[in-house]
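Student: quick one: sequence plus predicted model below, questions after.
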Amino acid sequence: MAKPIYIVGGSKGGVGKSVTSIGLIDTLKENSEDILLIESDTSNPDVWKMYKDEVKTELINLDDANGWIDLVNICDKHPDYVVVVNTAARNNKGVTAYGETLNKTVAEMKRKLVTLWIINRQRDSLELLKEYMEALPESIIHVIRNGYFGDEQKFELYNGSKTKKTVEDAGGKSLTFPDLADRVSDDLYSKRLSIDAAMKELPIGNRAELTRWRNEVRKVLGAAINA
Ligand SMILES: Nc1ncnc2c1ncn2[C@@H]1O[C@H](COP(=O)(O)OP(=O)(O)OP(=O)(O)O)[C@@H](O)[C@H]1O
Ligand SMILES: [Mg+2]
């Protein structure tokens, strides 16, 4: 079996896709995996800027057919690399139009396709998830409640939804991603720091908060990686 492909999605802008991709890359690095980051947010490639010196990367626009062909070809060429795809806002348009290109080829590539679907507390996160599931039925989906928007119990719409049942009946998990103190996430974003780089550069208090968060992230995402 080749290494898995992780798509970090959610389609909504600002929902926490990039910060989850960062946490996922960090967790995979800790597990000594070789990582191939596909940055598909070509207009604001924040994760790419943070990780381009630490992992193998490609910038691919997934809004058109060519991007999806490139994605599949690159995945096929690197079976020993865990692939992490950081998606852009409104990515569902491309997934609906061209996701079939990946959906139809994962089995032949002998790769597991896993989606981490990031949600906030609003209903459209769930509507978009339904759309995504129809477009990429081969993917295992774990839903990530982003703790930045509140505690787990505040995600009432998802917690009481049929979608949650559908996700979990298919073997997916419902997870809660930890909130990182604003001043430290601002450090990462404004200075374009990877977590490892921030662990060298930031003051001791900021590093302590980053360590706390990173350990939480590893626990939460470890559950998805090892599912
Ligand atoms: N778990 C979190 N802990 C701390 N800050 C967070 C968290 N989630 C989101 N944020 C904040 O919200 C902002 C948006 O998050 P992020 O960039 O990950 O969203 P996105 O879904 O990738 O957005 P876009 O659609 O613009 O790519 C971040 O700059 C960060 O400040
Ligand atoms: Mg982003």
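Tutor: That came through fine. Ligands and ions are numbered 1, 2, ... in the order given.

Student: buried residues in the helix ranked longest in the chain, which are they?
Tutor: When the chain is scanned for its longest helix (criterion: DSSP state H), the result is helix 204-225. Along helix 204-225, the positions that meet the burial threshold by neighbour count (16 or more other CB atoms under 10 Å) are 206-207, 209-210, 213-214, 216-218, 220-221, 224-225. To be clear about C-beta, it is placed using only N, CA and C from the backbone, and glycine gets the same treatment.

Student: which residues of the chain lie near ligand 1?
Tutor: Proximity of the chain to ligand 1, by CB under 6 Å from any ligand atom, involves residues 10, 13-19, 41, 88-89, 146-148, 177, 179-180, 185, 189.

Student: filter the residues you listed down to just the ones in helices.
Tutor: Among the residues of the chain next to ligand 1, DSSP H puts 17, 18, 19, 185, 189 in helices.

Student: ok, and which of these reach ligand 2?
Tutor: With respect to ligand 2, and counting by CB under 5 Å from the ion, the subset of those in contact is 17, 18.

Student: so which of the ones in helices among the residues of the chain next to ligand 1 is surrounded by the most neighbours?
Tutor: Tallying neighbours with other CB atoms under 10 Å puts residue 17 at the head of those, with 29 neighbours.

Student: tell me if residue 37 really is in a helix.
Tutor: No - Residue 37 sits outside any helix when classified using DSSP: H, G, I helix; E, B strand; the rest coil, being strand.

Student: what's in contact with the helix or strand hosting residue 70?
Tutor: When elements are assigned from DSSP states H and E, residue 70 belongs to helix 65-77. Helix 65-77 has contacts (CB atoms under 8 Å, 6 or more residues apart in numbering) with 5, 36, 38, 40, 58, 60-62, 83, 85, 94, 97-99, 101-102, 105, 109, 111.
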